[in-house]
Structures are given as structure tokens and as C-alpha cells.
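Colleague: model the structure of this input:
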Amino acid sequence: MDKSELKKKTKIPVVVYLIVVILIVIAGILNIVLSTPDKFERNKDIAIENCIKECQIEQGKGTTLTDGPCLSNNIATGWICDVAHDPRVDIIDNNPDNQCSEYRKGNNKHFVEITETCELIKAK
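Modeller: Numbering: from 1, shown residues only. You can find the predicted model right below:
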């Protein structure tokens, strides 16, 4: 076996080790990224909790919620809080005057809908 053949054989393991190390690093990064709850889910939970609290505060003040008002245009990052009827009353719940302006404008893309008794209808 001459020296050029010996060099080729010794270079292959170094490349293989390098590839294995890179794959291990990539797998570690993916594990961290995929195991962290995404921003949407974290903010969804916060938005639901804050929306219910906001509703209860408004109830405590004696605010009438039967018209399905917007309680907050920014209850959590990217989320609004809106009172609606369950089942929906289209003439009230679909009235733009009763909806959150930041949702209508598209500035906040997610919403929490609660009943006038502060019960969760949906969060989307």
C-alpha cells in the first residue's frame, strides 16, 4: 500500500466524524425547538385567562355585556377579547360596532369569545 492510498483512508473517518458531530448538533437544536410550546399556545392560555378576568371586572362594575362588546383589543400579544352569545345572535355578534377594532383591521389575528357570564365560548 503506498502513501496516497493510506492518506485517502485516514481522511474518510475525519469526514465521517465531522458529519456525525454536525448531525448530533442539529438533532439537539431540533429537540429544543420542538419541545418548547409555541408562542400561539402560550399566548392563547394567557388570553383566555385575561379575558375571563376582564369580563369579571366589567361585571363587577355593573357594565352591561348583553350587546356583546369588545372587552379588549389586546388581551395578550396578538389576541382580542370579545363578548358574544352562545348560540350566536347574528344581529348583535356580527355588528362591527360590537367587535374589536384591532381584529377587524387585522392587527390582532386571534380572538377569545366569552359569554356575557364570562364563560369561554372559543379561542382561535
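Colleague: could you look up the SS state of the residue positioned nearest the centre of the chain?
Modeller: Geometric centre of the chain, nearest residue: Phe40, 1.1 Å, by CA atoms, centre = their mean. Here Phe40 is helix, with the state taken from DSSP: H, G, I helix; E, B strand; the rest coil.
Colleague: contacting residues for it?
Modeller: Contact partners of Phe40, counting by CB atoms under 8 Å, 6 or more residues apart in numbering, are Gly78, His110. C-beta: built from backbone N, CA, C; applies to glycine.
Colleague: quick one: stretch 84-104 to chain centroid distance?
Modeller: Its chain's C-alpha centre and that of stretch 84-104 lie 22 Å apart, by CA atoms, centre = their mean, to the nearest Å.
Colleague: name the next helix or strand downstream of the strand ranked longest in the chain, please.
Modeller: Of all segments of type strand in the chain, defined using DSSP state E, the longest is strand 70-76. Next in sequence after strand 70-76, counting helices and strands by DSSP states H and E, comes strand 79-83.
Colleague: which residues sit against that next one?
Modeller: Contacts to strand 79-83, defined as CB under 8 Å, 6+ apart, come from residues 43-44, 46-47, 50-51, 54-55, 65, 68-75, 98-100, 102-103, 108, 110-116, 123.
Colleague: low-confidence ranges in this structure?
Modeller: 1-12, 32-38 (pLDDT under 70).
Colleague: residue boundaries of the helices in it?
Modeller: 3-35, 39-61, 90-93, 101-104 (DSSP state H).
Colleague: the second one to strand 79-83, inter-axis angle?
Modeller: With axes from the mean of the first three to the mean of the last three CA atoms, to 10 degrees applied, the angle from helix 39-61 to strand 79-83 works out at 40 degrees.
Colleague: good, we can wrap up now.
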